[in-house]
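Undergrad: here is a sequence together with a model predicted from it:
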Amino acid sequence: MKTFILLPTGIADVPVAALDGATPLQAANTPFLDRLAQDARVGLVRQVPEGMRIGSDVAVLSVLGYDPRRTPVSRGGVEAAGMGVDLAEDDLAFRMNFVSTFRGQLVDFNAGHIGNVDAHLLVEALSRELGGGSCSFHAGLGYRNLLVLHGGRGLRIETVPPQEVQGHAIADYLPYGPDAAALVELCERAEEVLAAHDVNRVRVDLGENPADRIWPWGPGGRLEVEPFELRSGRRLAVVAAVPLVKGLGALMGATVPAVHGATGYYDTDWTAKLRAALDALDDHDVVLLHLAAANEACHETDVRLKIRVIEEMDRFIVGPLASELRRRGDARLLLTTDHMTSTVEREGSTDHVPFLVWGPGMASVRAARFTESQAAAGDLCVEEGHALLEFVLEGSLPAPSRSPEGGVGLRSTHHGRREAEA
């Protein structure tokens, strides 16, 4: 039996006042998702272990069956793998965003969703002006790029993700720690290079946000992860656009096909990504299809954009996928998201996200729709997210219980209890 994992990051949210207290997922018209939910096991899962910082690097690891507490990863190390950058043993890699600033504040953590062409030109300029023996710059996908400090593995540097800094004074969130001074200086020198570049002059003339500063974060070195096939006996394929998810796949020894038209943004080619994932299902036992568009929509001010993206996903991904899996009859579907990604302030959000498991051997709980509230009202909550894939692979989810059994972290959710996010 094969397993198809559909991972649309960003679909889970908190109630939004502009939607009369509904979440975007509840407000969206999703007939295909709802039909799946009516024939699936629906519940909640905690992808990020309690006490760990919420992020996609940890959460996607959990979705793929790895316990993040036993398989530590770093954003920089994972994204280096996703970009094909071979780190030396003593290298320290940072995810490097292009960001936009104004009067000392970070106003846009992705520089107006700068495209690949502009971003690559800026990375080339940084490499030419600042690269050399001690550091190197590597182009990734749009605003997502990489900075490597050669020989920096032992440096004690702490950073803050730029999405957490948006709207705040830059000076309060610069890299810090005993060895951070050289990195801060490099950022200041990069600012001069970017300010003088024609790309940013043109962007300003066009009314677009300039990429006027680099923001390095998530430091980490070269990583080793136990191969997925070795630990599970199953072949894995990962279909994704963003370097983070591609990097996790590469580290696990998965097949990671390049998909033309996959942008990690709203304009991604839904059909091409689904076709690539279904093609991979013929030759692999487990296929992960990662969709980033809803997560990108979370960073916009108009919540209707997120609703539109969810509806497009339902129409162009969920509908055709469900039809194909029904035709095949040899695969189960696990549909979930990595972590809560809110369009509003995170107050009232939870550590748990919805999931559904559909296909042969999976009993239905007859949920009316696939939403956060319907999942909370389900009969199962998986407290340790990495256990969920094992259940799916083995063909049956265990009966719900009011206390964890055998360390798998299950509990009953008959009352829909949610825990506040730390």
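TA: Yep, that arrived. Because the structure is a prediction, the values reported are computed rather than measured. Numbering: from 1, shown residues only.
Undergrad: just grab the bridge partners of Ala93 for me.
TA: Val148, Gly220 (DSSP bridges).
Undergrad: so how far is Met83 from it?
TA: Relative to Met83, Ala93 is positioned 9 Å away (C-beta to C-beta, to the nearest Å). For every residue, glycine as well, the C-beta is placed using N, CA and C.
Undergrad: the more surrounded of these two?
TA: Neighbour count, other C-beta atoms under 10 Å: between Ala93 and Met83, Ala93 has more, with 31 against 19.
Undergrad: what sits against that one?
TA: Ala93 makes contacts with 74, 76-77, 79-80, 85, 87, 146-149, 219-221, as judged by C-beta atoms under 8 Å, 6 or more residues apart in numbering.
Undergrad: rerun at 6 Å
TA: When contacts are counted by C-beta atoms under 6 Å, 6 or more residues apart in numbering, Ala93 touches Gly76, Gly77, Ala80, Leu87, Val148.
Undergrad: turn those residues into CSV, columns for secondary structure and distance to Gly132.
TA: Formatted as CSV, those follow (DSSP: H, G, I helix; E, B strand; the rest coil; distance: C-beta to C-beta, whole Å):
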residue, secondary structure, distance to Gly132
Gly76, helix, 19
Gly77, helix, 22
Ala80, helix, 18
Leu87, coil, 17
Val148, strand, 12
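Undergrad: pick out the most distant pair among the residues you listed.
TA: Using C-beta to C-beta, the contacts of Ala93 span at most 10.5 Å, a distance reached by Gly77 and Val148.
Undergrad: okay, these two: which has more neighbours?
TA: Taking other C-beta under 10 Å, Gly77 and Val148 do not tie; Gly77 has more neighbours (28 against 23).
Undergrad: so how far is Gly133 from the more buried one?
TA: 21 Å.
Undergrad: swap in Ile114?
TA: Distance, Ile114 to Gly133, using C-beta to C-beta: 28 Å.
Undergrad: look at the two and report which has more neighbours.
TA: Neighbour totals were compared for Ile114 and Gly133, and Ile114 leads with 27 against 7 (other C-beta under 10 Å).
Undergrad: next up, the contacts around that one.
TA: Ile114 neighbours (C-beta under 6 Å, 6+ apart): Phe98, Gly142, Tyr143, Ala211.
Undergrad: so which elements touch the helix or strand encompassing Ser136?
TA: Ser136 belongs to strand 135-141 when assigned by DSSP states H and E. Counting contacts by 3 or more C-beta pairs under 6 Å, 6 or more residues apart in numbering; DSSP states H and E, strand 135-141 is packed against helix 116-130, strand 144-149.
Undergrad: tell me the domain boundaries of this protein?
TA: 2-73+226-411, 85-220 (automatic domain parsing).
Undergrad: which SS state does Phe370 fall under?
TA: coil (DSSP: H, G, I helix; E, B strand; the rest coil).
Undergrad: is it true that it touches Asp39?
TA: No - in this structure Phe370 lies outside contact range of Asp39 using C-beta atoms under 6 Å: 11.1 Å.
Undergrad: quick one: which of those two has more around it?
TA: The residue with more neighbours, out of Phe370 and Asp39, is Phe370; 26 against 17, by other C-beta under 10 Å.
Undergrad: tabulate the helices and strands packed on strand 135-141 (a markdown table), appending distance to Val245.
TA: Formatted as a markdown table, the helices and strands packed on strand 135-141 follow (distance: least, C-beta to C-beta, whole Å):
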| stretch | distance to Val245 |
| --- | --- |
| helix 116-130 | 17 |
| strand 144-149 | 11 |
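Undergrad: which one of these lies nearest to Pro24?
TA: Using C-beta to C-beta as the measure, strand 144-149 is the one of these that comes nearest Pro24, at 23.6 Å.
Undergrad: next secondary structure after the closest one?
TA: Sequence-wise, the next helix or strand downstream of strand 144-149 (DSSP H and E) is helix 181-195.
Undergrad: give the buried residues for the next helix or strand after that following helix.
TA: Downstream of helix 181-195, the next assigned helix or strand under DSSP H and E is helix 198-205. By 16 or more other C-beta atoms under 10 Å, the buried positions in helix 198-205 come out as Val199, Asn200, Arg203.
Undergrad: then stretch 241-256?
TA: Across stretch 241-256, burial judged by 16+ other C-beta under 10 Å covers 241-252, 254, 256.
Undergrad: one more: stretch 222-233?
TA: For stretch 222-233, burial by neighbour count (16+ other C-beta under 10 Å) applies to Arg222, Leu223, Val225, Phe228, Glu229, Ser232.
Undergrad: with just CA atoms, put it into CSV.
TA: Extracted in CSV, the C-alpha atoms of stretch 222-233 (Å, rounded to 0.1, in the frame of the first residue of the first chain):
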residue,chain,number,x,y,z
ARG,A,222,26.3,20.3,7.6
LEU,A,223,23.7,17.8,8.5
GLU,A,224,23.3,14.1,8.4
VAL,A,225,19.8,12.5,8.6
GLU,A,226,19.0,8.8,8.7
PRO,A,227,17.8,7.8,5.2
PHE,A,228,14.1,7.4,5.0
GLU,A,229,14.3,4.1,3.2
LEU,A,230,16.7,2.7,5.8
ARG,A,231,14.4,3.5,8.7
SER,A,232,11.1,2.6,7.0
GLY,A,233,12.0,0.2,4.2
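Undergrad: excluding its backbone neighbours, what's nearest Val73?
TA: Asp57 (5.4 Å; C-beta to C-beta, 6 or more residues apart in numbering).
Undergrad: who's in contact with the helix or strand in which that neighbour is found?
TA: Element membership for Asp57, per DSSP H and E: helix 56-63. Applying C-beta under 6 Å, 6+ apart, the contact partners of helix 56-63 are 47-48, 52, 68, 73, 75, 78, 244-245, 248, 338-339, 385-386.
Undergrad: do stretch 291-304 as well
TA: 8-11, 16, 18, 24, 242, 264-266, 268, 305-306, 309-310, 341, 343.
Undergrad: would you show me how to pick out the buried ones of the residues you listed in PyMOL?
TA: To isolate the buried subset of the contacts of stretch 291-304 in PyMOL, counting by 16+ other C-beta under 10 Å, use the following:
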select buried, resi 8+9+10+11+16+24+242+264+265+266+268+305+306+309+310+341+343
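Undergrad: restricted to strands, list the contacts of stretch 291-304.
TA: Secondary structure from DSSP state E places Pro8 of those in strands.
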